[in-house]
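Chemist: show me how the following folds:
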Amino acid sequence: MVARELKALGYPEHQVEDGRISFTADASAIARCNLWLRSADRVLVKVGEFAARDFGELFDRTKALPWAEWLPQDARFPVRGRSTKSQLHSVPHCQSITKKAIVEALKFRYPVETFSETGSLYPIDVSIHKDRVTLTLDTTGPGLHKRGYRTLSGPAPLKETLAAALVQLSFFNADRPFLDPFCGTGTIPIEAALIARNRAPGLLRTFASQDWVRIEPRVWHEAQTEAHDLMRPPLESPLIGTDLDEASIRQARVHAKQAGVSDDIHFQQQDVAQLSSSRSYGCCICNPPYGERMSEDGDVVPLYRTLSRRLEELPTWSTYVLTSVRDVESIFARRCDKKRKLYNGRIECTYYQFFGPRPRARIGLA
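Modeler: Next up, the predicted model:
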C-alpha cells in the first residue's frame, strides 16, 4: 500500500522489505512524504547500515558515520532501539553504546566535552536484525497516524493509518457513494473524505524535522503550498457514517470538523438494522464489533447476520469488512472476492472484500 502511495508521489524507484520501504530522494521528499503518506507509520532517514556482532564493532561503525552532517551542536538525540535474532540482544546496552559513539563522532566537529541537548529533537533509532544494524533519524516524531483531528477518545479506536488503508484497498472514489454503519468516532469516513478531497493527511500537524538545520524552511513551505493547491472542492454528495452509540456520533462530528471535512460527511445515530440507501454502486467499508470489543458473553454473529441481510438490499454495492470474527463468509452465505490479513493493534484480523458489479459507463450523445 505504501509502495503505491510513493509511486503516486513521484518516487517509483523503491525497494520493498519486511516492514519498510527504502528509496533515495532529496530533502523535499522528507516534507512531502510526511505530509502525504496515509498508511505509513513514519519517515526515516537512513544514516548507515552495517554488520555488528559485538559492542566494539557497534561502537566503531556507529562513530564512523557522518552524524555532524545532520546534528547541530545543541541537538537533542534520544536513542531508541530494538534487536531480533542477533548476538547483540540487550537493547539498553545497544542504545547506550550507540549514544556514546554518536557523542564521540560529534566531538570531531564541535569543540566541547559535553552536549547540552537543548535544541531541536532528532530521534535516532538503532535496529538490529540478524546481526545487521540499521541506524536512522526519525523525521516524523509522533507516528503518522497522529493526524491531529482526533482529540476525543472513544471505545476501540481504529488507527487513522489503518482506516486509510481500508479505504485505499477498496473501490471507493469521490464519485461513488460511501457508507460506514459502524463508524464509531468517525475515523473511516473521515479518512475516506480526506482521500476524496485529495487533502494531505499531515496538513494539521507538525513534524520533528520541520526545524532541522539540514532542511531549509522553504522546503516545507513549498510542500505545504503544493498540498493546499492540490486539494479538491467539497463533495457534491456527503459520505454517510452511522452508529448506534450517540456519544460516538457526537465525537465523530467534532473530529470531522477538526479535520476540515465536516461538510463532506453526514453522521447519524442509527442501528445497522436500518441500513439503506437509494443510491447505486456505492462502497460500504466498516469495522464492526468483534468479541474483543464486547463483553465476554457478547455474541456478535446476529449483528453480522443483520448487516448481511441489509446489504442484500444493496446488490450493486461493494462491501468491505475488517474483523477478527472467523467464518464471515459463512455468516454472509457468500464467498468473498478477496481477503487480506491485517492487524488492528495486536488483534489479527481479516479484511473481507465483497465486490459489486462495475458502475455502468456514462455515454454522451452529440
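
Chemist: quick check: which ranges of the stretch 151-300 of the chain have low pLDDT?
Modeler: 292-298 (pLDDT under 70).

Chemist: one more time with 50, if that's ok
Modeler: 293-298 (pLDDT under 50).

Chemist: show me the domain layout of this structure.
Modeler: In the assignment given by automatic domain parsing, the structural domains of the chain cover 2-138, 160-199+232-354.

Chemist: just the ones you listed: most buried one?
Modeler: Mean neighbour counts were compared across those using mean count of other C-beta atoms under 10 Å; the top stretch is domain 160-199+232-354, at a mean of 18. All C-beta atoms are positioned from the backbone trio N, CA, C, and that covers glycine.

Chemist: what helix or strand is residue 228 on?
Modeler: If you go by DSSP states H and E, residue 228 is part of helix 217-229.

Chemist: and for residue 322?
Modeler: Counting by DSSP H and E, the element that carries residue 322 is strand 318-323.

Chemist: other residues contacting that strand?
Modeler: For strand 318-323, contacts defined as C-beta atoms under 8 Å, 6 or more residues apart in numbering pick out 166, 169-171, 282-288, 290, 304, 307, 311, 328, 342, 344, 349-356.

Chemist: may I have stretch 99-109 as PDB, with CA atoms only?
Modeler: Output of stretch 99-109 as PDB, limited to C-alpha atoms (Å, rounded to 0.1, in the frame of the first residue of the first chain):
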ATOM      1  CA  LYS A  99      24.700   7.200  22.100                       C
ATOM      2  CA  LYS A 100      28.300   7.200  23.200                       C
ATOM      3  CA  ALA A 101      29.500   6.600  19.700                       C
ATOM      4  CA  ILE A 102      27.500   9.500  18.300                       C
ATOM      5  CA  VAL A 103      28.800  11.800  21.100                       C
ATOM      6  CA  GLU A 104      32.400  10.900  20.200                       C
ATOM      7  CA  ALA A 105      31.700  11.400  16.500                       C
ATOM      8  CA  LEU A 106      30.200  14.900  17.200                       C
ATOM      9  CA  LYS A 107      33.300  15.900  19.200                       C
ATOM     10  CA  PHE A 108      35.300  15.900  15.900                       C
ATOM     11  CA  ARG A 109      33.100  18.700  14.700                       C
END
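
Chemist: and that stretch, how far out from the chain middle?
Modeler: Distance of stretch 99-109 from the chain centroid (C-alpha atoms, centre = their mean, to the nearest Å) equals 34 Å.

Chemist: could the domains of the chain go into JSON lines alongside distance to residue 152?
Modeler: Converted to JSON lines, those look like this (distance: least, C-beta to C-beta, whole Å):
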{"stretch": "domain 2-138", "distance to residue 152": "21"}
{"stretch": "domain 160-199+232-354", "distance to residue 152": "4"}
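
Chemist: and those: which comes nearest residue 217?
Modeler: Among these, the nearest to residue 217 by C-beta to C-beta is domain 2-138 (10.2 Å).

Chemist: got a list of what the nearest residue to residue 6 once chain neighbours are set aside touches?
Modeler: Once flanking residues are discounted, residue 6 sits nearest to residue 14: 5.5 Å by C-beta to C-beta, 6 or more residues apart in numbering. Counting by C-beta under 8 Å, 6+ apart, residue 14 touches 3, 6, 7, 21, 22, 23.

Chemist: the second one: which element?
Modeler: Residue 6 is part of helix 2-9 when elements are defined by DSSP H and E.

Chemist: which residues are contacting that helix?
Modeler: Contact with helix 2-9 is made by 12, 14, 16, 21, 23, 29, 32-33, 36-40, 168, as judged by C-beta under 8 Å, 6+ apart.

Chemist: from those residues, which two are the most distant?
Modeler: Taking C-beta to C-beta, the two most distant members of those are 29 and 168; they sit 20.1 Å apart.

Chemist: surely residue 93 is in contact with residue 58?
Modeler: No - counting by C-beta atoms under 8 Å, residue 93 does not reach residue 58; the two are 9.1 Å apart.

Chemist: what segments of the stretch 201-350 of the chain are helices?
Modeler: With helices called from DSSP state H, counting those that start in this stretch, the stretch 201-350 of the chain shows them at 217-229, 246-259, 301-311, 328-332.

Chemist: in the stretch 1-150 of the chain, which spans are strands?
Modeler: Here the stretch 1-150 of the chain has its strands, by DSSP state E, counting those that start in this stretch, at 14-17, 20-23, 44-51, 79-84, 124-129, 132-138.

Chemist: rebuild these as TSV, extending it with distance to residue 108 and mean pLDDT.
Modeler: Shown next, in TSV, are the strands of the stretch 1-150 of the chain (distance: least, C-beta to C-beta, whole Å; pLDDT from 0 to 100):
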stretch	distance to residue 108	mean pLDDT
strand 14-17	32	89
strand 20-23	28	93
strand 44-51	16	97
strand 79-84	19	96
strand 124-129	18	97
strand 132-138	17	97
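
Chemist: can you put these in CSV and add distance to residue 195?
Modeler: Converted to CSV, those look like this (distance: least, C-beta to C-beta, whole Å):
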stretch, distance to residue 195
strand 14-17, 21
strand 20-23, 20
strand 44-51, 24
strand 79-84, 31
strand 124-129, 29
strand 132-138, 25
